[in-house]
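1. make a model of this:
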Amino acid sequence: MKNKNGKEVSFYNQFQRNSASGDNVEGAHSRRQSPMSLEKTAQLEKVETLVLGAALGHLAVESDGRTSSALTMSDDLSPRRKKKNKNKKKQRKELTVKTEGGREAGISELVRKIEVMEVVRKLDREDWRRERESIEREREEERSEWTEVKRNMENTMGELNLERTLVQHLRKEDQDKWSKTTNSLLNQLIVEREAWQMERGQTDRHRRKAAEDWRNEIKEKDRRIAALEVEKRRALDLFKQEKDAMDRERREIETMRKDEAAMLQRALREREEAVRAEEKIRVQERQEREKKAEEEKKANIAEMKMKEERKRMREAMVAQKAEERRRDQERLERERQEKKKEKEKRVLMAELKRKEEELLRKHKQLIRGPKRTPDPV
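-> Below is the predicted model of the structure:
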């Protein structure tokens, strides 16, 4: 067998060099990391012994038993040793004449099968590497998606806090305006009362008539003030009810978001557990395939079993792709549901904003109050 530089080396030595450089059929895992390495080494030594034994048997038969052959010069000349060597030569000759076509056909057939098995294992190693890279890419995409979802949730919570601050500020401004309006009305009433007393208090008759008019006017104004107070309390009650409803809806929305976040986290954990389980299953399947491939060396039907193994791998890949498509469809369905929830949230926020604007408008109308009619002179 020739190495990468074109030199003739034994199959076992070349396999050791490939194992040290990472080019063997086991990939980046060295023989000391694999639990099957010792068994594989022993089997490869047996195969090399068979191949070299067949070649040596071929040379021994061609030497025709001459004592000048290089194979017999170092042998012991005792009768027992000669008989033992004769039996060995007979066994080697039987090994070389197993297949139709002669001694060289047996050697080439064994070498060809070994090379085919090496090529198939290298292909399996490449398939496993590509599959691992695709899994890593999927994990990276899922991490980026979950990071984007978390960022969107944080932005939404910031917007809600800003809206809450704005509503509190507007509520405080409305209270200040209402208190200023009430104080101005009372001051105006006192000024008008003093002016009326000065104008109408010249005579007793005028004073009595002015007192009666003043009492009537005071009653009318008290009635108006009481009505305004009732309207004020009613508006405040309505405002409080609307505020409580908004707070309840906001708390429900926050609770819903927390539940959704918990569900997303649980789904992520389940996804990671499923991926780890799949990786474990794949490792077990790969170990089983390696074990089966090692057992197939001992039989003459190696090619049939390898074809069946590759067919099963293709079916597994097809099933895996179908599972991935199903998961992609489920992910798209979840995204559609999330978009639907976001749309409902926006509609709800628009409705809340509309209610707040309507409440503010009613409050401003109540502050202005009904138009006053001029007093009769």
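2. only C-alpha atoms from now on, for both contacts and neighbour counts.
-> Will do.
3. three-state assignment of residue 299?
-> When classified by DSSP: H, G, I helix; E, B strand; the rest coil, residue 299 comes out as coil.
4. state the pLDDT value of it.
-> Taken from the predicted model, the pLDDT recorded for residue 299 is 72.
5. OK, contacts around it?
-> By CA atoms under 8 Å, 6 or more residues apart in numbering, the contact set of residue 299 is empty.
6. the chain should start at 34 in everything you say after this.
-> Let's use 34 as the start, then, which means that last one is residue 332.
7. give me phi/psi at it?
-> Phi and psi for residue 332, reported as degrees, to the nearest 10, are phi -110, psi 160.
8. over to the one 10 residues further on?
-> With angles defined as degrees, to the nearest 10, residue 342 shows backbone torsions of phi -60, psi -40.
9. what helix or strand is the nearest residue to it once chain neighbours are set aside on?
-> Among residues not flanking residue 342 along the chain, residue 322 sits closest, at 7.6 Å (CA to CA, 6 or more residues apart in numbering). Taking DSSP states H and E as the criterion, residue 322 maps to helix 237-329.
10. which elements pack onto the longest helix seen in the chain?
-> Scanning the chain for the helix with the most residues, using DSSP state H, yields helix 136-233. Using 3 or more CA pairs under 8 Å, 6 or more residues apart in numbering; DSSP states H and E as the contact criterion, the elements in contact with helix 136-233 are helix 70-95, helix 112-129, helix 237-329.
11. now the second one: mean pLDDT?
-> pLDDT averaged over helix 112-129 equals 62, rounded to a whole number.
12. for this structure, give me the ranges with low pLDDT.
-> For the chain, the stretches with pLDDT under 70 are 34-137, 139, 229-240, 243, 326, 335, 402-410.
13. show me how it divides into domains.
-> 34-130, 131-400 (automatic domain parsing).
14. circling back: tell me the angle the longest helix of the chain makes with helix 237-329.
-> When axes from the mean of the first three to the mean of the last three CA atoms, to 10 degrees is applied, the directions of helix 136-233 and helix 237-329 differ by 180 degrees.
15. so the residue nearest to residue 342 versus residue 157, what's the distance?
-> Plainly put, residue 322 is 10 Å away from residue 157 if you go by CA to CA, to the nearest Å.
16. now do residue 146
-> Here the distance between residue 146 and residue 157 works out to 17 Å (CA to CA).
17. higher neighbour count, the two?
-> It is residue 157, of residue 146 and residue 157, that has more neighbours when counted by other CA atoms under 10 Å, with 20 against 15.
18. for that one, give its distance to residue 242.
-> Taking CA to CA as the criterion, residue 157 is separated from residue 242 by 116 Å.
19. one more: residue 250?
-> From residue 250 over to residue 242 the distance is 12 Å, taken as CA to CA.
20. ok, residue 267 next?
-> Here the criterion is CA to CA. By it, residue 267 lies 37 Å from residue 242.
21. what does residue 368 give?
-> Noted for residue 368: a distance of 80 Å to residue 242, by CA to CA.
22. thinking again about what came up before, which helices and strands sit right next to the helix holding residue 322?
-> Contacts of helix 237-329 with other secondary structure elements, assessed using 3+ CA pairs under 8 Å, 6+ apart, are made with helix 136-233, helix 335-401.
23. so can I have JSON lines of those showing distance to residue 306?
-> Supplementary listing: those in JSON lines, determined by distance: least, CA to CA, whole Å:
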{"stretch": "helix 136-233", "distance to residue 306": "12"}
{"stretch": "helix 335-401", "distance to residue 306": "15"}
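24. for residue 246, find the nearest of those.
-> The minimum distance between residue 246 and the helices and strands packed on helix 237-329 falls on helix 136-233, with 9.9 Å, by CA to CA.
25. which one of the helices and strands packed on helix 237-329 lies closest to residue 328?
-> Evaluated with CA to CA, these place helix 335-401 nearest to residue 328, the distance being 9.0 Å.
26. which elements pack onto the closest one?
-> Other helices and strands packing on helix 335-401, by 3+ CA pairs under 8 Å, 6+ apart, are helix 237-329.
27. switch to 7 Å and redo it
-> Helix 335-401 makes packing contacts with no helix or strand when contacts are defined by 3 or more CA pairs under 7 Å, 6 or more residues apart in numbering; DSSP states H and E.
28. that one vs helix 237-329, what angle?
-> Regarding helix 335-401 and helix 237-329, their directions subtend 180 degrees when assessed with the same axes, to 10 degrees.
29. hey, C-alpha coordinates of stretch 321-330 in CSV?
-> The C-alpha atoms that make up stretch 321-330 are tabulated as CSV, following Å, rounded to 0.1, in the frame of the first residue of the first chain:
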residue,chain,number,x,y,z
GLU,A,321,-24.1,1.5,16.8
ARG,A,322,-23.2,2.2,13.2
GLU,A,323,-19.5,1.9,14.0
LYS,A,324,-20.0,-1.3,15.9
LYS,A,325,-22.0,-2.7,13.0
ALA,A,326,-19.4,-1.6,10.6
GLU,A,327,-16.7,-3.4,12.6
GLU,A,328,-18.7,-6.6,12.8
GLU,A,329,-19.3,-6.5,9.0
LYS,A,330,-15.5,-7.0,8.4
